[in-house]
Each structure stands twice: as structure tokens, then as C-alpha cells.
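>>> return atomic coordinates for the entry below.
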Amino acid sequence: MLSRRRSGGAAAGEEPEAEVEHAQEYSLRTPTGIAGLDRIIDGGLIRSKTYLVAGETGTGKTIFSLRFILKGLEMGEPCVYVPFDETIEGTVEGALTLGWDLETPMRRNMLRILDARPFFAEVMREKFMAEVVREIVKELKKHVTEIGAKRLVIDPVAPLVGEVVDVSWTRDFIRGFVTAVEKFLGCTTIITSEVPTGSGLLSRFGVEEFLSSGIIKLSITPVENRNLRTMMVRKLRWTRVDLTPYVYEIKPLEGIVILEPLHDAKLRD
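All right, here's what the predicted structure looks like:
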């Protein structure tokens, strides 16, 4: 067991057709809470789909994930967060350094942070992939159902598969896991993946990017005599994608804040 510690109408008559279509489009979206991101992805992520946030060490994948969770809480949406590289206490304390209070929504049963490592270590001893996926999703579904969670974060996905012995097995496992999460949990889900520095890869196992409904790539980009954190929306299904890399900063309270296109930053150097 995982442990846990619309636009208004016209004054009279029907809304103009364009306004109705606009409202319908945005009702399908889940705002990310990342300052400056939602305006370039048509208002947010499509609900109940799975998205990959990939990046090198130090790019802010966990901060991105937590800001996504906090936005859900602000909107009254219960959330489940599964950190693999941090304890529950470490997650709560780390969030406090940015001015984020996770204890209060946890006490109100709006947020569950799960210590997944012991559970997954036990489950991964199973020999059959289908059984492993079924047990993991069953446990997640229990927590999602108990609080009515609308958002789920797996941060990062790599420890979920344990020690990689057979790459093809790992890829099939991730494929089955993502499919089951979307089918049985119904949450808007973010999974994070760390990629080797300077590799240009979009994921660790080479399959996550094909299974997810979108990829947001976080990078550290050298520009003249400094390094800039940059974000690019590499893929987003059913969305007009702006492939421009944007510079961003990490700020207290706000988290990740998109500033300007990388091209503009280079021109100022």
C-alpha cells in the first residue's frame, strides 16, 4: 500500500457563434499554472490526457510539476503527487522554500503525496508485465478515487520501472502504464523524465514522447557568457504549437515564469 502523510452571454439572445466555440474550446483545457505558458498552448492541457515534461538536471521539472498541482488546488481540484526522488517530508519542506504550503491541502484531503518507493519495489518483483501494470494502476486508482483527484503527477517516471535490464520490456511497460492511466484514472497527468545533459533527447527510454499527448522540453541553453533556462513545447496534440524556445526563470511563489523568446534574449547580448 502506498503511504501518504465560461464566457458570459450577450446582453440578449444567443451568444455569437465565435464566442460559443471559444468557450467550448477552453472548457476542455486544464490550466497549467505556469506563468506565460497557457497563452501559447490555447489555454492549457487537454483534460484527462498524459503529458511529458522532459529536461536536464536543474531545469525545474519538479517545480513545474508542483506548480501544476497548486493550480489545480486553486481551482478546487484534488490532486495526487507521486515523488520518487524525494520523501513526503522533503517535498513539503522543499515547497516551503518557494513559499508554497502543501500541508494545508493535505490536511483537507485535497492533496495526497504518496511515498511510492516501497510499494513499487515490491510490485516490480512480479514477472508478468500485465500484472505489474494492473497492481500499480489499481493502487493509484484507490487514492485518486478516495479524494476525487483531477490531476496526477509522477515525478520522475524512471524509478517506476526499476533497474532497466531489457529496454524493449521497459518500453512496453511504459506503454501499458500510460494507456492504463488514461483509461482507468481519468486524471490530467504529468510524468517527468530526466534526459542526459546536452543529448537533445526527448525522453529517457525513447517511447514516452510517442505515448504522451504532449511534450514540454526544459533545457539549459548557453548564450554568450551565460546559461539560460529555456522551454519549448515540442508537441501538443490538437493544439496550435508554437515551437519557439522561451526563456524562463524560477521565482519564489510564482515558480516557473516564462519571460521572452530565446531569439530576443540573444539579440540583447
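
>>> which SSE is the closest residue to Glu103 other than its chain neighbours in?
Nearest residue to Glu103, sequence neighbours excluded (CB to CB, 6 or more residues apart in numbering): Val92, at 6.0 Å. For the C-beta atoms, the positions are set from N, CA and C on the backbone; glycine is no exception. Assigned by DSSP states H and E, Val92 belongs to helix 88-96.

>>> how about Phe119?
Going by DSSP H and E, Phe119 is part of helix 117-123.

>>> again, but for Ala265
Counting by DSSP H and E, the element that carries Ala265 is helix 262-267.

>>> what packs against that helix?
Contacts defined by 3 or more CB pairs under 8 Å, 6 or more residues apart in numbering; DSSP states H and E place helix 262-267 against strand 214-223, strand 226-236, strand 246-251.

>>> mind checking which of these is nearest Thr189?
Distance to Thr189, taken as CB to CB, is lowest for strand 214-223 among those, at 10.9 Å.

>>> against which helices or strands is the closest one packed?
Short answer (3+ CB pairs under 8 Å, 6+ apart): strand 214-223 packs on strand 50-55, helix 61-74, strand 226-236, helix 262-267.

>>> what pairs with it, parallel or antiparallel?
Next to strand 214-223 in the sheet, as set by DSSP bridges, lie strand 50-55 (parallel), strand 226-236 (antiparallel).

>>> quick revisit: turn the helices and strands packed on helix 262-267 into CSV, columns for distance to Ile136, mean pLDDT and mean neighbour count.
Listed next are those as CSV, based on distance: least, CB to CB, whole Å; pLDDT from 0 to 100; neighbours: other CB atoms under 10 Å:
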stretch, distance to Ile136, mean pLDDT, mean neighbour count
strand 214-223, 22, 92, 19
strand 226-236, 25, 93, 19
strand 246-251, 31, 97, 18
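
>>> minimum distance to Pro78: which of those has it?
The closest of these to Pro78 is strand 214-223. By CB to CB, the value is 22.4 Å.

>>> that closest one vs helix 61-74, what angle?
130 degrees (axes from the mean of the first three to the mean of the last three CA atoms, to 10 degrees).

>>> now find how far off-centre strand 214-223 is within its chain.
15 Å (CA atoms, centre = their mean, to the nearest Å).

>>> contact partners of it?
37, 45, 49, 51-56, 58-61, 64, 197, 202-203, 209, 227-237, 239, 245, 262, 265-266, 269 (CB atoms under 8 Å, 6 or more residues apart in numbering).

>>> and for stretch 240-251?
36, 40-42, 60, 63, 219, 221, 228-235, 256-263, 265.

>>> now with 6 Å, please.
With contacts defined as CB atoms under 6 Å, 6 or more residues apart in numbering, stretch 240-251 is touched by 40, 60, 63, 228-233, 256-262, 265.

>>> on that earlier part again, need the helices and strands packed on helix 262-267 in TSV with distance to Thr188, can you?
Converted to TSV, the helices and strands packed on helix 262-267 look like this (distance: least, CB to CB, whole Å):
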stretch	distance to Thr188
strand 214-223	11
strand 226-236	13
strand 246-251	21
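
>>> where in the stretch 101-250 of the chain is pLDDT low?
Where the stretch 101-250 of the chain drops to pLDDT under 70, the residues are 120-127, 159-165, 199-211.

>>> how about 90 then?
115-136, 156-179, 193-213, 224-225, 234, 237-243 (pLDDT under 90).

>>> need the strands for it, in chain order.
Under the criterion DSSP state E, counting those that start in this stretch, strands of the stretch 101-250 of the chain are mapped to 111-115, 151-155, 188-194, 214-223, 226-236, 246-251.

>>> burial measure for Pro156, as a count.
By the other CB atoms under 10 Å criterion, the neighbourhood of Pro156 contains 22 residues.

>>> scratch that, Leu28
Residues near Leu28, counting by other CB under 10 Å: 14.

>>> same thing with the one 10 residues further on?
Look at Asp38: counted by other CB under 10 Å, it has 19 neighbours.

>>> so what's the most centrally placed residue in the chain bridging to?
Centroid check for the chain by CA atoms, centre = their mean gives Ile190 as the closest residue, at 2.6 Å. Counting by DSSP bridges, Ile190 forms beta bridges with Tyr51, Val153.
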